[in-house]
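Novice: Model the following, please.
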Amino acid sequence: MGFFFQGLSIGLAYVAPIGLQNLFVINGALIHTRRRALATALIVIFFDVTLALACFFGIGAVMQRWRWLQMVVLLAGSIVVIFIGAGLLRAKTEDIDRSGETVSLRKTVYSACVVTWFNPQAIVDGTMMLGAFRVTLPASQSIPFICGVGTASCLWFTGLTLVISMFSRRFNVRVLRVINVICGVIILFYGCRLLISFFQLI
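Specialist: Numbering: from 1, shown residues only. This is a model prediction of the structure:
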């Protein structure tokens with residue numbers, strides 16, 4: 001049980017900092033109904049947990065073996081992140097709607113996958129952190145540890161969605177627009193940094 005709680009605490013420290021996934025969940029909770037926002041959170045949880053499993057059980061070894069794969073992931077990820085940020089900056093105020101119909105479920109799944117699996121920083125951070133922990137754990141305790149990490153993802157994104165959705169009615173269209181712009185700038189800056197990292201590796 002001790003390793004489960006260790007995984008839980010590590011998992012919370014991993015997902016809590018504001019990043020692409022958190023911005024995606026926050027935005028969804030602000031513009032959608034609570035039920036739809038929770039559906040978005042569950043989709044993000046699925047991709048986050050699968051990425052954690054992949055990092056924990058060896059995606060880092062694959063990327064270290066083939067440098068070209070690292071380069072492809074970094075280039076593709078930076079372009080996708082820049083595209084997401086630019087999209088938020090271009091969004092018009094009247095496009096922000098609380099009806100829950102503004103984004104299709106298919107697009108939600110696609111976007112959640114992109115902000116998780118096409119996020120080079122998430123892959124690198126997850127590989128470095130979870131891969132390092134796996135090396136230090138007894139083989140028999142790997143499963144409880146990674147279950148704790150997965151539980152942390154479930155608790156965080158579900159809790160974040162519920163808290164934001166409960167107060168979402170206090171946000172008017174102008175505030176939502178400001179949030180979109182701020183998130184867009186942060187994501188765009190983040191994507192540009194990833195692209196610079198790619199060119200530095202060439």
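
Novice: now stretch 50-66: mean pLDDT?
Specialist: The average pLDDT for stretch 50-66 rounds to 76.

Novice: Show me the longest helix that occurs in this structure.
Specialist: What stands out as the longest helix in the chain, according to DSSP state H, is helix 173-201.

Novice: so how far is that one off the chain centroid?
Specialist: Distance of helix 173-201 from the chain centroid (Cα atoms, centre = their mean, to the nearest Å) equals 14 Å.

Novice: now swap in stretch 28-48 and tell me
Specialist: On Cα atoms, centre = their mean, the centre of stretch 28-48 falls 12 Å from the chain's centre.

Novice: List the buried residues of that stretch.
Specialist: 28-32, 36-41, 43-48 (16 or more other Cβ atoms under 10 Å). (Glycine included, C-beta is placed from N, CA and C.)

Novice: Which other helices and strands does the longest helix of the chain contact?
Specialist: helix 20-31, helix 67-90, helix 120-136 (3 or more Cβ pairs under 8 Å, 6 or more residues apart in numbering; DSSP states H and E).

Novice: Show me what secondary structure element comes after the first one.
Specialist: Tracing the chain C-terminally past helix 20-31 and defining elements by DSSP states H and E, one meets helix 34-56 next.

Novice: quick one: contacts of that next one?
Specialist: Helix 34-56 has contacts (Cβ atoms under 8 Å, 6 or more residues apart in numbering) with 11, 14-15, 21, 24-25, 28-29, 32, 100, 105, 108-109, 112-113, 115-117, 122-123, 126-127, 129-131, 133-134, 142, 146, 149-150, 153-154, 157-158, 160-162, 164-165.

Novice: That helix vs helix 20-31, what angle?
Specialist: Taking axes from the mean of the first three to the mean of the last three Cα atoms, to 10 degrees, helix 34-56 and helix 20-31 form an angle of 170 degrees between their directions.

Novice: to the chain's geometric centre, what's the distance from helix 34-56?
Specialist: Counting by Cα atoms, centre = their mean, helix 34-56 is centred 8 Å from the centre of its parent chain.

Novice: And stretch 66-76, by the same measure?
Specialist: Counting by Cα atoms, centre = their mean, stretch 66-76 comes out at 19 Å from the chain centroid.
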